[in-house]
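Chemist: following is a predicted model, sequence given first.
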Amino acid sequence: MTQITLGKALNAGLHQAMRDDEKVVLLGEDIGKLGGVFRITDGLLDEFGATRVIDTPLAESGIVGAAVGLAYRGYRPVVEIQFDGFVYPAFDQIVSQVAKLHYRTQGRVKMPITIRIPWAGGIGAAEHHSESPEAYFVHTAGLRVIAVSNPQDAYRCLQQAIASDDPVIFFEPKRLYHHKGEVDLDASLADAPPFGVAQVVRPGTDATVITYGAMLSTVMDAAAAAEDDGVSLEVIDLRSISPVDYDTVAASVRRTGRVVVAHEASREAGVAAEVIASIAERCFEYLESPPLRVTGHDVPYPPAKLEKFHLPDLDRILDAVDRVLDRPNSLTGAGS
């Protein structure tokens with residue numbers, strides 16, 4: 001095991017995928033000589049050359065369109081979108097071509113494209129640099145949507161995404177790029193957990209808290225604080241938000257009977273709404289209280305000085321836990 005940052009784990013995952021398959025090619029803005037704005041592709045140009053690490057114009061629709069053509073010719077393109085809010089010019093290519101060509105051609109054409117997106121807030125940047133657009137892609141049939149939360153998953157899941165014949169939207173929590181963790185760089189993908197399986201990262205008995213991406217660290221802090229107050233929270237990292245591993249989710253909910261879902265994307269029609277609706281369909285008779293969402297607010301992403309009020313924090317998560325447990329909370333007051 002090696003202690004490295006999430007960013008370095010992604011870099012190592014790209015290195016390994018490119019060594020394993022010469023059909024893996026990278027496309028993106030400033031990914032070659034610069035190594036990407038977050039340096040995730042640093043060193044790849046030197047090792048694999050300009051025919052496999054391709055600096056593109058500032059044109060996201062053109063980048064993804066080129067990846068579609070490469071996939072038609074048997075390549076496995078990995079596209080880097082420089083920031084989350086820059087993906088929208090490529091939206092038509094993703095939802096109209098990437099997501100549909102396998103189905104449209106009755107399986108004759110595969111789209112093994114991985115679209116990497118540095119994603120979400122927490123870095124003191126404004127709109128277009130801190131957005132959470134995952135719900136758009138979760139709603140699009142034909143796409144896998146992955147959101148990693150730690151270096152080990154960053155290394156392993158990125159390789160699984162590249163090896164998959166399905167198109168994958170791969171969200172990377174940019175505020176965790178410098179967070180370190182243990183990574184097994186020698187592990188075989190054949191021995192890795194199946195692609196897209198959720199993980200119970202903290203067992204508990206009183207309530208289930210479901211999340212993904214950078215919010216996992218906030219939820220884990222909330223679970224530690226709740227334990228000090230005598231409350232045992234089970235924490236699930238979804239890892240895949242399309243499709244969702246509802247077997248793992250439902251098994252937890254049937255044990256605890258109470259659910260909170262947290263993400264920093266907007267509340268309206270977000271991933272949490274879909275997860276809660278699906279839990280109600282599968283586990284209604286096990287629920288002891290209504291499931292709750294803790295999310296970002298339904299506003300454009302705020303300026304840096306207001307970011308801390310927008311992102312779900314420990315207090316908001318614990319307040320939702322108190323509500324599902326029918327403990328005193330912000331709605332009932334401390335004396336309830």
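Modeler: Cool, the structure landed. Numbers count the residues shown, from 1 in each chain.
Chemist: okay, now the sheet partners of whichever helix or strand Ile117 is part of, with direction.
Modeler: Secondary structure from DSSP states H and E places Ile117 in strand 114-119. As defined by DSSP bridges, the strand partners of strand 114-119 come to strand 76-80 (parallel), strand 168-173 (parallel).
Chemist: reformat these as a markdown table; add mean neighbour count and distance to Gln16.
Modeler: Yep, even glycine has a C-beta here, placed from its N, CA and C like the rest. Output for these, formatted as a markdown table (neighbours: other C-beta atoms under 10 Å; distance: least, C-beta to C-beta, whole Å):
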| stretch | mean neighbour count | distance to Gln16 |
| --- | --- | --- |
| strand 76-80 | 26 | 12 |
| strand 168-173 | 27 | 15 |
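Chemist: follow-up on the earlier one: could I get the strand holding Ile117 in PDB with only the CA atoms?
Modeler: Output in PDB follows, covering the C-alpha atoms of strand 114-119 (Å, rounded to 0.1, in the frame of the first residue of the first chain):
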ATOM      1  CA  THR A 114     -14.700   8.100 -20.200                       C
ATOM      2  CA  ILE A 115     -15.400  11.800 -19.500                       C
ATOM      3  CA  ARG A 116     -13.500  13.100 -16.500                       C
ATOM      4  CA  ILE A 117     -15.000  16.100 -14.800                       C
ATOM      5  CA  PRO A 118     -13.300  17.900 -11.800                       C
ATOM      6  CA  TRP A 119     -16.400  18.600  -9.900                       C
END
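Chemist: packing partners of the one helix or strand Ala12 maps to?
Modeler: Element membership of Ala12 [criterion: DSSP H and E] is helix 6-20. Contact here means 3 or more C-beta pairs under 8 Å, 6 or more residues apart in numbering; DSSP states H and E; on that basis helix 6-20 packs against strand 24-28, helix 44-48, helix 151-163, strand 168-173, strand 180-183.
Chemist: among the ones you listed, which comes closest to His297?
Modeler: strand 168-173 (19.0 Å; C-beta to C-beta).
Chemist: ok, and what's touching that closest one?
Modeler: With contact meaning C-beta atoms under 8 Å, 6 or more residues apart in numbering, strand 168-173 is reached by 6, 10, 40, 84, 94, 113-120, 122, 134, 137, 143-149, 154, 157-158, 161, 213-214.
Chemist: what's the angle between it and helix 6-20?
Modeler: 150 degrees (axes from the mean of the first three to the mean of the last three C-alpha atoms, to 10 degrees).
Chemist: just say helix, strand or coil for Thr295.
Modeler: strand (DSSP: H, G, I helix; E, B strand; the rest coil).
Chemist: identify each buried residue in the helix holding Ala12, please.
Modeler: 6-18 (16 or more other C-beta atoms under 10 Å).
Chemist: kindly indicate which of the residues you listed lies nearest Val299.
Modeler: Nearest to Val299 among the buried residues of helix 6-20, counting by C-beta to C-beta, is Leu6 at 28.0 Å.
Chemist: my guess is the closest one contacts Ala154, does it?
Modeler: Yes: at 4.9 Å, Leu6 and Ala154 qualify as touching, with contact defined as C-beta atoms under 8 Å.
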